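[1] Sequence first, then the predicted structure, then my questions.
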Protein chains: 2
Amino acid sequence: MNRTPHVAVVGATGAVGVEMIETLEKRNFPVGKLTLLASARSAGKKLKFKGTDVTVQELTKDSFQGIDIALFSAGGSISKEFAPIAAAAGCVVVDNSSAFRMDPKVPLVVPEVNGADVKSHQGIIANPNCTTAITLMALYPLHQAFGVTRVFASSYQAVSGTGAAAIEELARQNREWAGQNRAWDAARLDSAPSVYPHQIAFNVLPQVDSFLDTGYTKEEMKMENEGRKIMHHPGFRASVTCVRVPVFRAHSVAVSAEFSRPVSLAAARAALAQAPGLDVVDDPANKRYPMPLDVSGKYNCAVGRLRLDCALDNGLCFWVAGDQLLKGAALNAVQIAEELLK
Amino acid sequence: MNRTPHVAVVGATGAVGVEMIETLEKRNFPVGKLTLLASARSAGKKLKFKGTDVTVQELTKDSFQGIDIALFSAGGSISKEFAPIAAAAGCVVVDNSSAFRMDPKVPLVVPEVNGADVKSHQGIIANPNCTTAITLMALYPLHQAFGVTRVFASSYQAVSGTGAAAIEELARQNREWAGQNRAWDAARLDSAPSVYPHQIAFNVLPQVDSFLDTGYTKEEMKMENEGRKIMHHPGFRASVTCVRVPVFRAHSVAVSAEFSRPVSLAAARAALAQAPGLDVVDDPANKRYPMPLDVSGKYNCAVGRLRLDCALDNGLCFWVAGDQLLKGAALNAVQIAEELLK
């Protein structure tokens, strides 16, 4: 790999793409050249990178000649079509979609958990589901300490996970409510939602992604499926409910975790305190715990509300929050690119 | 008991008190006379009941002479002081606070679960915690069918549970954000919160009620403690995370429940379909599931997202939502009063 690689961002104008560009700059990734790719609709737009304008180009089959690393975040169908083309052109793809995550030939990587897995790539490396990545930042250190067997988790997912249009939908709905000077008990708006099937402002939606025949959503199965692959732990079980909440950009997850070895709060705190990329924010007496507003814009995830589980003989409860656009997407992708250069 | 009882509402001007008055009227409770009681600050206010103005009186030790039933919702300290006085005056108190719920002499009642328990009262009957009551509306029918052993639950609790000032705080914060024409990523407001320790708009707070030494909040222990008493099930275990979300008036709960007998989706659906006070809203193909906006103002709770639990060999996941001010408070209190008249 070129030590100052030519990097492409595919989906450069999307909510995650913008964060990828900023993260490459902020982390001083050794970008030799930056190419920004997007749909024809966005081609011609200019985005700043290190103080200079970079013009967005239309993504085509010929876009990847000479590119070393391509960070994809343009949705699963774009990834399915263009990631193999990019890989065939000699580019290493870091793909933020779910298209290749469970492909046995494709490493699925959270660098703090299984960074060494990037070495086995065959041209494509997958970036995990956002809620899974954020949960594993706290769960994996506990797994190393005690051996996790299963988790029960409920998510509180921000609209950023659905993209820029969803962010605008929540903003628009809040402006509508305030602009009409509505009462608190007139929270149901007149305008129809367009991104979500139901109003998200002043509401929570127990649906993230589409439904499977089992009654689970695809999103809800990602923690078990991707968790097994990332942790190299085929017996890991996860019962998950994924819920969209009216928050702009950071996800939170409430977790009950059962372990195979005896747990203690002291040992759990010690394991979490030394975990990379994770802040322990757990001071109930002073009402300090992780919250989406506090982790928004931060690279580190935060864990708190640590306690012995009431309903498991060998379990811990915790609450973890992380910026969906960063650790849940752009940051993790750039960290994977950093692993490639090691 | 007088068949057309003289009813008092204590805390009549609060968020729950207002709903109690409306619920007495809407359910055509046979009110012989209505007395509205509140703090000196609210005395003199007039509230409508069946088209006529009723003047709020100051709550004093002498307020309960001649009153048959008093619905209390003025906080735990008011209940502790005045409920025994009311009971000594021959009044039956239905208390919405947590003050007497775990007192062995005090029945704790969800009428659809243990309505007969009201008969054993000694002057005070307790209304359960809102999240517990709403959860039990779906859990108890499943318990009857399969025998619940433990649950893992995460709540999505509306600000109405904290009272009128909290409702106003969420409204004010949203108006501030919209009025300043802020961007989505400038969601942290300049104004300090006053009711909650942190901003609730565009945020979620993993704290409801105060913390215990174990790291749990008091609220989080209520489902296990009150659930055991209401279901007459001393072995019931509950691992709960309670979270405040920027929703105005209905709570939602994600539940994983383990049972002692084999479960099936068909039998679970049948049990839920015939449960009183509960609507089954479970049609993923059409994106229909319970949501706070849909159950707001409704007497019935709603259950959906029913599925076999991924991490339990004998478990079910479900999602239940209910109006915190109604089934979580005022409605349940009036239903208890109705039981008293049976």
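    That came through, no problem. Residues are numbered from 1 along each chain as shown, chains lettered A, B, ... in the order given.
[2] make it CA atoms for all contacts and neighbour counts henceforth
    Fine.
[3] Residue A:73 against residue A:96, yeah?
    Yes: between residue A:73 and residue A:96 there is a contact at 5.2 Å, judged by Cα atoms under 8 Å.
[4] shared neighbours, the two?
    In the contact map built from Cα atoms under 8 Å, 6 or more residues apart in numbering or on different chains, no residue is linked to both residue A:73 and residue A:96.
[5] What is the end-to-end distance of stretch A:29-47?
    17 Å (Cα to Cα, to the nearest Å).
[6] quick one: contacts of that stretch?
    By Cα under 8 Å, 6+ apart, the list of residues contacting stretch A:29-47 reads A:3-13, A:24, A:53-59, A:63, A:74, A:338.
[7] and if you look at stretch A:112-122?
    With contact meaning Cα under 8 Å, 6+ apart, stretch A:112-122 is reached by A:87, A:105-109, A:125, A:136-137, A:140, A:230-231, A:276-277, A:336, A:339-340.
[8] For residue A:198, give its distance to chain B.
    According to Cα to the nearest Cα, to the nearest Å, residue A:198 and chain B sit 9 Å apart.
[9] OK, contacts around that residue?
    Listed by Cα under 8 Å, 6+ apart, the contact partners of residue A:198 are A:192, A:205.
[10] again, only this time at 10 Å
    A:192, A:204-205, B:287-288, B:291, B:293 (Cα atoms under 10 Å, 6 or more residues apart in numbering or on different chains).
[11] Any chance of the backbone angles for it?
    Main-chain dihedrals, residue A:198, degrees, to the nearest 10: phi -140, psi 160.
[12] now do residue A:158
    According to degrees, to the nearest 10, residue A:158 has phi -80, psi 160.
[13] Would you map the helices across the stretch 201-342 of chain A?
    A:218-231, A:265-273, A:292-295, A:331-341 (DSSP state H, counting those that start in this stretch).
[14] Make a PyMOL selection of the buried ones in the contacts of residue A:198.
    Those of those that count as buried under 16 or more other Cα atoms under 10 Å in any protein chain shown are selected in PyMOL with:
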select buried, (chain A and resi 204+205) or (chain B and resi 287+288+291+293)
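[15] distance of residue A:191 from chain B?
    14 Å.
[16] quick one: contacts for that residue?
    So residue A:191 contacts A:172-173, A:176, A:199 (Cα under 10 Å, 6+ apart).
[17] Please name the spatially closest residue to residue A:319 (chain neighbours excluded).
    residue A:254 (4.7 Å; Cα to Cα, 6 or more residues apart in numbering or on different chains).
[18] For that neighbour, list each beta-bridge partner.
    Beta-bridge pairing for residue A:254 (DSSP bridges): residue A:154, residue A:319.
[19] and what of the one 4 residues further on?
    Residues in a beta bridge with residue A:258, per DSSP bridges, are residue A:150, residue A:315.
[20] Surely it touches residue A:239?
    No: judged on Cα atoms under 10 Å, residue A:258 makes no contact with residue A:239 at a distance of 11.8 Å.
[21] Pull up the overlap in contacts between these two.
    Common neighbours of residue A:258 and residue A:239 (Cα under 10 Å, 6+ apart) are A:150-152.
[22] picking that back up, now the contacts of residue A:198 in CSV, please, with extra columns for distance to residue A:324 and pLDDT.
    CSV is the format used below for the contacts of residue A:198 (distance: Cα to Cα, whole Å; pLDDT from 0 to 100):
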residue, distance to residue A:324, pLDDT
A:192, 26, 97
A:204, 17, 98
A:205, 17, 98
B:287, 24, 98
B:288, 26, 98
B:291, 23, 98
B:293, 25, 98
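[23] In TSV, list the contacts of residue A:198 along with distance to residue A:37.
    Listed next are the contacts of residue A:198 as TSV, based on distance: Cα to Cα, whole Å:
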residue	distance to residue A:37
A:192	32
A:204	34
A:205	33
B:287	34
B:288	37
B:291	39
B:293	40
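[24] between the contacts of residue A:198, which is nearest residue B:219?
    residue A:204 (20.4 Å; Cα to Cα).
[25] show me the contacts for the nearest residue to the closest one once chain neighbours are set aside.
    Computed as Cα to Cα, 6+ apart, the closest residue to residue A:204 that is not its neighbour in sequence is residue A:245, at 4.8 Å. Neighbouring residues of residue A:245 by Cα under 10 Å, 6+ apart: A:155-159, A:170, A:200-206, A:251-252, B:156, B:202-204, B:245-247.
[26] Mark which of those residues are buried, thanks.
    Buried subset of those (neighbour count, 16+ other Cα under 10 Å): A:155-159, A:170, A:200-206, A:251-252, B:156, B:202-204, B:245-247.
[27] Just the ones of those in strands?
    The strands, defined by DSSP state E, take in A:155-156, A:251-252, B:156 from the buried ones among the contacts of residue A:245.
[28] ends of stretch A:205-223, how far apart?
    19 Å.
[29] buried set for it?
    For stretch A:205-223, using 16+ other Cα under 10 Å, the buried residues are A:205-208, A:211, A:215-223.
[30] could you dump those to TSV with distance to chain B?
    Converted to TSV, these look like this (distance: Cα to the nearest Cα, whole Å):
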residue	distance to chain B
A:205	6
A:206	7
A:207	8
A:208	11
A:211	7
A:215	5
A:216	7
A:217	9
A:218	12
A:219	13
A:220	10
A:221	9
A:222	12
A:223	11
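[31] Mind putting those into CSV with distance to residue B:282?
    Formatted as CSV, the buried residues of stretch A:205-223 follow (distance: Cα to Cα, whole Å):
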residue, distance to residue B:282
A:205, 13
A:206, 11
A:207, 12
A:208, 15
A:211, 12
A:215, 9
A:216, 12
A:217, 13
A:218, 17
A:219, 18
A:220, 17
A:221, 19
A:222, 22
A:223, 23
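[32] avg pLDDT for whatever helix or strand residue A:78 lives in?
    Per DSSP states H and E, residue A:78 falls inside helix A:76-88. Mean pLDDT, helix A:76-88: 98.
[33] Any regions of chain A where pLDDT drops low?
    Residues of chain A meeting the criterion pLDDT under 70: none.
[34] Got the domain ranges for it?
    As assigned by automatic domain parsing, chain A contains the domains A:6-128+A:330-341, A:132-164+A:193-324.
[35] Indicate which one of these is closest to residue B:311.
    Across those, closest to residue B:311 is domain A:132-164+A:193-324 (Cα to Cα), at 5.2 Å.
[36] And that closest one, end to end?
    Distance between the two ends of domain A:132-164+A:193-324: 10 Å, counting by Cα to Cα.
[37] do stretch A:93-103 as well
    14 Å.
[38] Buried residues, it. List them.
    Those would be A:93-102, for stretch A:93-103 by 16+ other Cα under 10 Å.
[39] Filter the shared contacts of residue A:258 and residue A:239 down to the buried ones and hand me the ChimeraX line.
    This is how ChimeraX selects the buried members of those, with burial counted by 16+ other Cα under 10 Å:
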select /A:150,151,152
